[in-house]
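Participant: quick one: sequence plus predicted model below, questions after.
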Amino acid sequence: MCKNAKVLLLVSALFAFSMGLSNIFINVFFWRETNNFMVIAIYNLIINITTPITFIVAAILSKKKNGIWSLRLGLFIYALFFALILYIGNKGTAYIYGLGLIDGIAAGFYWLPFNVLCCDFTSTNNRDTFNGLNGGLSGLAAIVGPISAGFTISRFSGLTGYRIVFTSTCIIFIVLVLISTVFKCGDYSGSVDFKKAFGSNGEGWKTIRRATFFWGFRDSVMVFLINILAIQTLKKELTLGIIALVAALITSISYVLVQKIIKPPNRRKSILFGIIGSFFAVWPLIINISFNTLLVYAIIDAFCLPFFMVQLSSATFNVIDTHEDRDKRIEYMINRDMVLNGGRAISVSMLILLLLFFKNPSTLKFYLIFLAIMPLISGSILRRIKGVL
């Protein structure tokens with residue numbers, strides 16, 4: 001791998017560590033302040049709507065210069081986001097939707113160039129290796145984050161622990177902005193091809209879009225929903241941090257394992273194993289939400305899901321390569337993330353409607369079943385793709 005790819009792995013690992021420190025506990029922080037699922041769901045919906053819109057702005061900026069500028073801006077806005085949380089303090093709930101807007105903008109400016117640079121700095125020969133290492137290193141970084149944050153929050157009364165965690169995260173993002181100056185990348189030049197950005201772009205890409213859309217239903221919605229259900233049951237951030245630590249450790253091992261043992265002839269089997277395991281991981285939570293069932297879910301899901309995710313990521317970039325449209329990779333990333341966040345937004349909207357019409361908390365368990373089915377649909381679609389698996 002080239003130097004740029006190695007630096008990108010470092011950025012990704014530090015980003016995962018900072019998100020491990022704070023991202024799990026952002027929703028918990030707002031839950032502690034509001035005790036209202038609806039507010040948290042709307043906050044996440046704003047992020048999911050804002051992110052793809054920001055992708056377009058990030059694409060225009062990237063086309064004028066290159067992806068590094070947008071990446072740097074995203075990292076800076078993340079630092080600003082956590083600085084604002086620190087400044088607002090326990091009044092944050094009054095500004096929660098504004099903070100969701102900023103979080104979505106930061107995500108848009110970061111993830112578009114990150115995905116494009118992953119494509120730029122790798123090839124079909126080393127992409128599985130890069131994705132496997134990226135998942136493994138990010139997993140290792142995420143091992144330390146949640147348990148450190150949970151321990152810190154539990155050690156201090158009130159919001160002091162949260163302030164320490166958010167301050168640390170803000171500093172890491174400032175460091176990441178500085179690291180981003182190491183990248184060397186030529187200017188892309190040109191303008192955004194909106195036909196590519198919003199079109200179906202051939203049968204292979206249609207398949208990627210469908211698979212990504214259904215994956216989006218489960219993606220971030222499952223994470224924040226289970227975190228809130230967990231803190232309701234466990235009451236302690238440290239216990240949630242322990243479960244996150246176990247999950248991150250297993251995830252990192254699983255990513256490395258995928259990279260080592262899954263070769264091109266076995267990619268479809270890898271997808272099947274990942275989606276079936278992810279489906280069954282949720283069922284202990286349907287029966288009962290406790291420390292034991294949360295731990296079982298975390299272990300099974302963390303081990304199985306990388307077998308699917310590596311293939312989805314690699315197939316996405318490989319389709320772009322087979323289309324010989326590498327100069328349109330920004331447009332492809334807009335296209336992909338539009339459907340990804342579309343799935344997320346629809347999923348959160350459905351959750352909001354459930355919360356509006358059904359006051360019984362047990363309805364959330366039925367929604368978990370719905371979310372568990374989504375990877376089965378996504379993986380089944382992805383396995384049909386030809387030429388890149």
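Facilitator: That came in fine, so what should we check first? The structure presented is a predicted model; accordingly, all values stated were derived computationally and were not measured. Numbers count the residues shown, from 1 in each chain.
Participant: quick one: buried residues of stretch 314-325?
Facilitator: Buried residues in stretch 314-325, counted by 16 or more other C-beta atoms under 10 Å: 314-321, 325. Backbone N, C-alpha and C define where each C-beta goes, glycine included.
Participant: got it, and stretch 352-360?
Facilitator: For stretch 352-360, burial by neighbour count (16+ other C-beta under 10 Å) applies to 352, 354-355.
Participant: and the residues you listed, which of them are in strands?
Facilitator: The strands, defined by DSSP state E, take in nothing from these.
Participant: and the strands in the stretch 51-200 of the chain?
Facilitator: Secondary structure of the stretch 51-200 of the chain, counting by DSSP state E, counting those that start in this stretch: no strands present.
Participant: can you list the low-confidence ranges for it?
Facilitator: Counting by pLDDT under 70, the stretch 51-200 of the chain contains low-confidence residues at 89-93, 123-124, 127, 185-189.
Participant: about what we covered before: got CSV for the buried residues of stretch 352-360, with pLDDT and distance to Phe114 too?
Facilitator: Shown next, in CSV, are these (pLDDT from 0 to 100; distance: C-beta to C-beta, whole Å):
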residue, pLDDT, distance to Phe114
Ile352, 86, 29
Leu354, 85, 32
Leu355, 82, 32
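Participant: ok, so of those, who is nearest Lys195?
Facilitator: Lys195 lies nearest to Ile352 out of the buried residues of stretch 352-360, by C-beta to C-beta, at 33.2 Å.
Participant: ok, and the closest non-adjacent residue to the spatially most central residue of the chain?
Facilitator: Centroid check for the chain by C-alpha atoms, centre = their mean gives Ser220 as the closest residue, at 6.4 Å. Once flanking residues are discounted, Ser220 sits nearest to Arg344: 5.7 Å by C-beta to C-beta, 6 or more residues apart in numbering.
Participant: surely the one you found meets Arg218?
Facilitator: No - at 9.1 Å, Arg344 does not count as touching Arg218 under the criterion of C-beta atoms under 8 Å.
Participant: helices of this structure, residue ranges please.
Facilitator: 3-34, 37-64, 67-88, 96-120, 127-155, 160-179, 194-198, 202-234, 237-261, 267-281, 283-287, 291-322, 329-357, 363-382 (DSSP state H).
Participant: helices or strands next to the first one in the packing?
Facilitator: In terms of contact count using 3 or more C-beta pairs under 8 Å, 6 or more residues apart in numbering; DSSP states H and E, helix 3-34 is assigned the packing partners helix 37-64, helix 67-88, helix 96-120, helix 127-155, helix 160-179, helix 202-234, helix 237-261.
Participant: now the angle between helix 96-120 and the fifth one, please.
Facilitator: Right, the one you point to is helix 160-179. If you take axes from the mean of the first three to the mean of the last three C-alpha atoms, to 10 degrees, helix 160-179 sits at 40 degrees to helix 96-120.
Participant: using CSV, write out every CA atom in helix 160-179.
Facilitator: Provided in CSV are the C-alpha atoms of helix 160-179 (Å, rounded to 0.1, in the frame of the first residue of the first chain):
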residue,chain,number,x,y,z
THR,A,160,-18.1,16.2,34.8
GLY,A,161,-17.2,12.8,33.2
TYR,A,162,-19.0,13.8,30.0
ARG,A,163,-17.1,17.1,29.8
ILE,A,164,-13.8,15.2,30.1
VAL,A,165,-14.8,12.8,27.4
PHE,A,166,-16.0,15.4,25.0
THR,A,167,-12.9,17.6,25.6
SER,A,168,-10.7,14.6,24.8
THR,A,169,-12.7,14.0,21.6
CYS,A,170,-12.4,17.6,20.6
ILE,A,171,-8.6,17.5,21.0
ILE,A,172,-8.3,14.3,18.9
PHE,A,173,-10.2,15.9,16.1
ILE,A,174,-7.9,18.9,16.1
VAL,A,175,-4.9,16.5,15.9
LEU,A,176,-6.6,14.8,13.0
VAL,A,177,-6.9,18.1,11.2
LEU,A,178,-3.1,18.5,11.6
ILE,A,179,-2.5,14.9,10.4
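Participant: if anything else comes up later, I'll come back, but that's it for now.
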